[in-house]
Structures are given as C-alpha cells and as structure tokens.
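Trainee: Quick one, what's the 3D model for this:
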Amino acid sequence: MPVEIVVRRELYFFLQAVAVRVKMSEDCFCAGVGCTECCFGPLAVKVDDSKEQLSVTLVIPDVKKPRLFGLFNKTDVQCHFENSSLRVLVRIHGKKSKQTPKYYLYAVRRLPASIVPSLCHYRIRAGRVKLTLRKAEPTSWREIIENGLEKDDDR
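Mentor: Purely as a prediction, here's the structure:
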C-alpha cells in the first residue's frame, strides 16, 4: 500500500502541467491554441495508474456536463492524443453570448511510455474532465516515472 501511494504522488507531480494563472487578454489573437496570455491551467490533476490504462482527472471550474445531445453546450473540449504526448484544450463559453470565453490548457510533451491514441478518450463531468489513456504495453509506469517527464513549458 505505501508503494502505491508513492507512485500516485510521483505521477501526480510529473503529470501535472504547468498551471499558469494569468488574466485573459482581450486582444489575444491565439483563439485558444494555448498561449500563456489567455489560457489557464487546471486547478488540480488526479492520476490513477493501473497496468492497462491511466486515468487523469482535470479539475476545471465551470465545466458543465453536456445536455440535450450536445445542444446548448457551454463547454468545448479538444483532445489531441499522440503516441507519447497529449494536449487538452477546454473552452468554456460565457453565460451571455458577449462574454469572452475562458480557455484551459493541459499539455504533457513526453509521457513515460507509449499510449494507443485510437483507444484514448475523455468524458466531461460537472467541474472536471476525465481522460483515459490506454497504455501500449500493460506495465506500471513506476520505474519509468523516476526519470521524469518533459512538461510543455514553452507555451
């Protein structure tokens, strides 16, 4: 049991993206592609590691679960899964149509091992986005994690 707690804590620290809290700029031209001027990081990141998959939960305020088959949805999520990296961009529309939307970015440049992008998916819940990453090889990432990860610092 103590080993599992250590592994979860290490995964949490290594998979947590750099959370940049900067006031959104009204004249930003990136349109939500992930600059530090208008994109925030998630408030918290929870990671659960099993042999076959990795579950990453991003805590993001104001995320709403889709209703009516996606109609009137105030949350847009774009996930880009690659063999050794991932990038999630969440856009939350304002309550009024003239409000500036908020962007949240979570990106990991290099994962400890390969994943299968076609089997990775996400789910939107109230206040959080849950990512499920399917590992290419069913092993624990504990030994690999000790080397560390490259976070997307240059955004």
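Trainee: Quick check: the residue nearest to Ser114 when sequence neighbours are not counted vs Ile115, distance?
Mentor: Spatial nearest neighbour of Ser114, excluding adjacent residues (Cβ to Cβ, 6 or more residues apart in numbering): Ala136 at 3.9 Å. Heads up, the C-betas are built off the backbone N, CA and C, glycines and all. For Ala136, the distance to Ile115 equals 6 Å [Cβ to Cβ, to the nearest Å].
Trainee: joint contacts of those two?
Mentor: Each of Asn83 lies in contact with both Ala136 and Ile115 under the rule Cβ atoms under 8 Å, 6 or more residues apart in numbering.
Trainee: Among these two, which residue is more densely surrounded?
Mentor: Neighbours were counted for Ala136 and for Ile115 using other Cβ atoms under 10 Å; Ile115 has more, 22 against 13.
Trainee: correct me, but Thr139 touches Ala113?
Mentor: Yes. Counting by Cβ atoms under 8 Å, Thr139 sits close enough to Ala113 to count as a contact (7.2 Å).
Trainee: quick one, which of these two is more surrounded?
Mentor: Neighbour count, other Cβ under 10 Å: between Thr139 and Ala113, Ala113 has more, with 17 against 13.
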